[in-house]
Each structure stands twice: as C-alpha cells, then as structure tokens.
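> Quick one: sequence plus predicted model below, questions after.
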Amino acid sequence: MLSNLMLAQAQYLFYKMATDKKMKPDILSKTAQQISTYFREAYSHSQMNGFLKKFQDGKFVNVLSYHAAYFEASAWLVLGIDRFSKAKEEGFGMGTAAGTASRAAMLFNSVDNLVKSLPDYKDNYTKKVAQVAQLSKMATEKASTVTFEKIPDWRSIQIPDAKNFVKFDSSASEELDKVPAMNEILRYIIPPQVRKMQAEFKE
C-alpha cells in the first residue's frame, strides 16, 4: 500500500508542475489518471487490513477513495475544458466536449456522500463540482443549439491512454526541484501510526 501512495505522491508532484507550466491537456489527463490508479490500488489494499479500515474511524481509507475518484474526474475535466475551447474555435466537436464534461461531473458527484465525512476537502470539492457543472451545461447547450451535435455516451469518448506513462527528462526534473516538497493534502496522507505498523509487518 505504501508503495502505491508514494507513487501517487510522485505523480502528483509532476501533475502540479505540469499544471503550473500549462502543459498539454493530454499530459495532464494521463498523469491524473495515473494518480487515480495508484490511490485506487492503495484503497484496495487497505480493505484487506482490518486496522487500516478502522483507522481514524475510517477517515484514512475514505481519503484514499476520495482521491482516486477526484483525480479520475480531473482527468476528464482538463480534457473537457480543452475540447470545449477547441470546439468554440473550430465550430465542431461540441458534442464530444459535452460528453467529456458530463463524465467528469458524474465522477465528481460519485463522491458527494464521501465528502460529507471529509470536511477538510469540502471547499475545493464544491468549487470543482460548480466548475464542471457550468462547463457541462454550456457545452450541452452549444451542442444542441449551435453545432447541432449529439452527445455521445462517455464510453465511446476517447481519452489518452494512461498506460503510456509520462517520462521524465532533465528539464522536467529541474522543474520538479522547484516544486514544494509535498502538497499539504498529500503530505500527511500516511499517518505515523500507519508507517509504524507497515514497518512492523516487514520485521
């Protein structure tokens, strides 16, 4: 479990740097998907351990589950924003943009009940939900009244393959050196008690 959390944190640092540098949406989407996968794997492993399931009254595993959904939704959101912008300029593709945004909204909304048990995440979550709802509404309206396109089912919408991992080069490494050691949310995601327990298991 710890290895997946460490990989999630490493990918998050790249994601933050890529976002700050306004890198291509495909790169942001791939990285967000990878972060989601690592958190999902960590959550899956946590469910095999009775101590972790009950740790902090379940808050610890809820945070893992939340991040898994949050970053998957973010992967769709960055694509939806980009596709909406391109569709406005090119005059077509608004249906796909609407479908992409709708999928992002679906994923964010899927953790609505979970967020109620995680008050520290509520403000940011609420902003994201509002952002994606507005994007979905605008894209849907333009698809039906301007470009006259059908909105495809999200399963038929192509997104970058997350299995093609983003490779670091020297310039990326230099940029990462400028990023703070760890985002506050992720910095404390592995409590000392859990670290101690994992260390004891290895002895």
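Here it is on my side, so go on.
> Please make it C-alpha for all contacts and neighbour counts, starting now.
Noted.
> Need phi/psi at residue 92.
The phi and psi values for residue 92, taken as degrees, to the nearest 10, are phi -150, psi 160.
> List the residues that contact it.
residue 147 (Cα atoms under 8 Å, 6 or more residues apart in numbering).
> For it, give its distance to residue 152.
14 Å (Cα to Cα, to the nearest Å).
> got it, and residue 104?
Taking Cα to Cα, one finds residue 104 at 14 Å from residue 152.
> So for the helix or strand that contains residue 143, what gets flagged as buried?
Per DSSP states H and E, residue 143 falls inside helix 122-145. Within helix 122-145, the residues that count as buried by 16 or more other Cα atoms under 10 Å are 125, 128-129, 132-133, 135-136, 138-143.
> Please apply the same query to stretch 151-161.
Buried residues in stretch 151-161 (16+ other Cα under 10 Å): 151, 154, 160.
> tell me which of those is nearest to residue 109?
residue 154 (15.3 Å; Cα to Cα).
> tilt between the longest helix along the chain and helix 122-145?
Secondary structure of the chain per DSSP state H: the longest helix is helix 59-90. Here the directions of helix 59-90 and helix 122-145 differ by 30 degrees (axes from the mean of the first three to the mean of the last three Cα atoms, to 10 degrees).
> which helices and strands does helix 59-90 pack with?
Identification of packing neighbours for helix 59-90 by 3 or more Cα pairs under 8 Å, 6 or more residues apart in numbering; DSSP states H and E yields helix 25-46, helix 50-54, helix 94-109, helix 112-115, helix 122-145.
> can we see that at 6 Å?
helix 25-46, helix 94-109 (3 or more Cα pairs under 6 Å, 6 or more residues apart in numbering; DSSP states H and E).
> Check what pLDDT residue 126 gets.
With respect to pLDDT, residue 126 scores 96.
> Repeat that for residue 166.
44.
> Quick one: mean pLDDT over the longest helix of the chain.
If you average the pLDDT values across helix 59-90, you get 96.
> And stretch 10-22, by the same measure?
89.
> Ok, stretch 108-116 next?
95.
> can you pull the buried residues of that stretch?
108-109, 111, 114-115.
> How much space separates the residue nearest the centre of the chain from residue 21?
By Cα atoms, centre = their mean, the chain has its centre lying nearest to residue 71, at 0.8 Å. Noted for residue 71: a distance of 18 Å to residue 21, by Cα to Cα.
> With residue 31 instead?
From residue 31 over to residue 21 (counting by Cα to Cα), the distance is 14 Å.
> Right, I'll leave it there.
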